[in-house]
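A.B. asks: pasting a predicted model and its sequence here:
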Amino acid sequence: MTSDPTALAPMANAIRALAMDAVQAAESGHPGMPMGMADVATVLWSRFLKFDPTAPKWADRDRFVLSAGHGSMLLYALLHLSGYQQPTMDDIRNFRQLNSPCAGHPENFLLPGVECTTGPLGQGFAMAVGMAMAERHLNAQFGDDLVDHRTWVVAGDGCLMEGINHEAVGLAGTLGLGRLVVLWDNNKITIDGDTSLSTSEDILARYRASGWHTEDCDGHDFADIERAIAAAMADDRPSLISCRTVIGKGAPNKQGGHNVHGAPLGKDEIAAAREYLGWTAAPFEIPADILSHWRATGDAGRDLRTEWEGRLAANPQGTELMRRMAGELPSGEEAGLAFGEWLGKTQNIASRKASELALEVLTPLVPEMVGGSADLTGSNNTKTKATTPFGPADYAGRYVYYGIREFGMSAAMNGMALHGGIIPYGGTFLVFADYCRNAIRMSALQHARVIYVLTHDSIGLGEDGPTHQPIETVMSLRMIPNLQVFRPADAVETAECWNLALASPTTPSVLALTRQNLPQLRHDGAMLSAQGAYRLVAASAARKVVLLATGSEVSIAVDVARALEDKGIGADVVSMPSWELFEAQDEAYKADLIPADVLKVSIEAGTTFGWQKYVGDGLAIGIDSFGASAPAPVLYDHFGLTAAKIVPQVLERLG
């Protein structure tokens, strides 16, 4: 940590130089924000941030989130200058190029110092709320000796305008997350021009009304920045600091205008900026004295980490904390025995109820599970006896009442998972997955173990009608790479899907669950859902048909198979709880389960789009319109999802 205040200006200019040179070399990028926030970032990094560049995964480091991810060169410059192993200067020279870890927006899977992938505005802010929640929860469980850090955010005007910001701000204020500090790059510029074109709100008043502490500072006055940050740290509420900045600060002919936001400065303006800043070093070169000051910023963090490791070794809870932070699950033996008993039962219950019963088994045994719901706890069945409310009265609680904030909940869960030490799960109705969708996509992109409990998964929810009845939703979720979409057929499959979701440390999961009761179809077999699809019923007569179904329609497929067998037509029933896991099986298994020489029929209470992949020129039975308001049995008959209406179609196709 540098103690020389005169060093701060050259240190900040090093950020500016790297930002403008890297964007120019790439011929694309966003130099304006890194240049405008260089002074604020320099004060934060050199005076306040707790980090050790030699141990980027240190559990008790501060978390720094660049919510305004388009300004990625700010973060890349900070990581390189302060001594992280990556990015190297060659990486920065190759900014925005194939195979460079310095992608256009920061990606958490490319660089260890990037806490989360950002770029979709507002989500970094909301993920930081989740990180601050995780810190408070683990602090309550393990104490100040092991967990005592802050979450810092750099956010732009766009982050504060996005709707998710309102959700995240309200949640953080309600939860009293005083270890969260947001540094707002208040440059009054968006891509289109001055912010007055699109907003007139009093942002600081909005935050204060939501239970936040606010500060205002000159974002180019080092002493004023330091004062504001210190005041934020002294307050027990989450803090927003309005840092009044000039976008593109240092580019004498372009600073302050919207054209500097997302385009290279150009060679002439870079030359003018070098003269304006007094920066004489060649592109991608940092003078030794300035680099020395930057490398000193991590000195205090190294000492703090060494002290923390001593406390960790002496603390009887240290091993448990590190188990959770490593993402390793506790022994599953007890849960396995409990679920094994389910095979001998007959539980004719909704899969959302089966999920609740599975959680009653799992949450006492997996203490890192933290649940919640977007104001649908009684419908999603996500709360258990082991999960008490999380909040200022008890941060050790393991159940979050997110309110009607589906998008904010989903992004916060991403932050909790990325912080480490927590496996978050949260519920809403499946149709509202579209409110969550970009956060679900970000879960998959960031390899975050987040579990989405999405109930009321079809027309089977009944009278609430087409606004609430998902048609295209499950299939659209299956399109997202690295996302497991589970649609279990009964209580046994539901328990299996929960276990598979928990056992997937780098893949998020969706559990699509029913409102209506389902018959228990499985009474034997161990973890068959792990194959993605399996033969639930084998043909008795010569096999001519394979019926593929998911969730609530598997029992319908069983009835169809029974009716066909009565006519001497052999029919297999394949339950397919996870397309993704099925696709991971070898070709021999897939060919045996879905052979080429039979009629293939899919049955799912949703769009038929996509099923052609498996049925070819066979039959895809489903719903390609919106639903309707009526009791579930009436709707299933109306839309042709009954054995009585499916069997004639199969017979006609067989000829």
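C.D. replies: That came through, no problem.
A.B. asks: shouldn't residue 574 be within a helix?
C.D. replies: No - counting by DSSP: H, G, I helix; E, B strand; the rest coil, residue 574 is not found in a helix; it is strand.
A.B. asks: give me the below-cutoff pLDDT ranges for the stretch 251-400 of the chain.
C.D. replies: Along the stretch 251-400 of the chain, no part satisfies pLDDT under 70.
A.B. asks: can you give me the strands for it?
C.D. replies: 349-350, 369-373, 399-401 (DSSP state E, counting those that start in this stretch).
A.B. asks: out of these, which one sits most buried?
C.D. replies: When these are scored by mean count of other CB atoms under 10 Å, the highest mean neighbour count falls to strand 369-373 (a mean of 25). Every residue, glycine included, has its C-beta placed from N, CA and C.
A.B. asks: once you drop chain neighbours, what's closest to residue 622?
C.D. replies: Of all residues not flanking residue 622 in the chain, residue 608 sits nearest, at 4.0 Å (CB to CB, 6 or more residues apart in numbering).
A.B. asks: what of residue 415?
C.D. replies: residue 130 (2.5 Å).
A.B. asks: which ones are touching that neighbour?
C.D. replies: Listed by CB atoms under 8 Å, 6 or more residues apart in numbering, the contact partners of residue 130 are 411, 412, 413, 414, 415, 416, 417, 418, 419, 424.
A.B. asks: same thing but at 10 Å, please
C.D. replies: 116, 151, 168, 171-172, 177, 370, 400, 408-419, 422, 424, 448, 450 (CB atoms under 10 Å, 6 or more residues apart in numbering).
A.B. asks: do the same with residue 586
C.D. replies: Applying CB under 10 Å, 6+ apart, the residues near residue 586 are residue 592.
A.B. asks: what does it show for phi and psi?
C.D. replies: In terms of degrees, to the nearest 10, the main-chain angles of residue 586 are phi -70, psi 160.
A.B. asks: repeat for the one 3 residues further on
C.D. replies: The phi and psi torsions at residue 589 (degrees, to the nearest 10) take the values phi -60, psi -40.
A.B. asks: neighbours of it, how many?
C.D. replies: 15 (other CB atoms under 10 Å).
A.B. asks: the stretch 51-200 of the chain: helices as residue ranges?
C.D. replies: Using DSSP state H, counting those that start in this stretch, the helices assigned to the stretch 51-200 of the chain run over residues 72-82, 89-93, 123-142, 157-161, 163-175.
A.B. asks: can I get those in TSV with mean pLDDT and distance to residue 39?
C.D. replies: Output for these, formatted as TSV (pLDDT from 0 to 100; distance: least, CB to CB, whole Å):
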stretch	mean pLDDT	distance to residue 39
helix 72-82	98	11
helix 89-93	98	20
helix 123-142	98	21
helix 157-161	97	18
helix 163-175	98	24
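A.B. asks: related to what we said a few turns ago, can you tell which of the strands of the stretch 251-400 of the chain is closest to residue 238?
C.D. replies: Closest to residue 238 of these, according to CB to CB: strand 399-401, at 15.8 Å.
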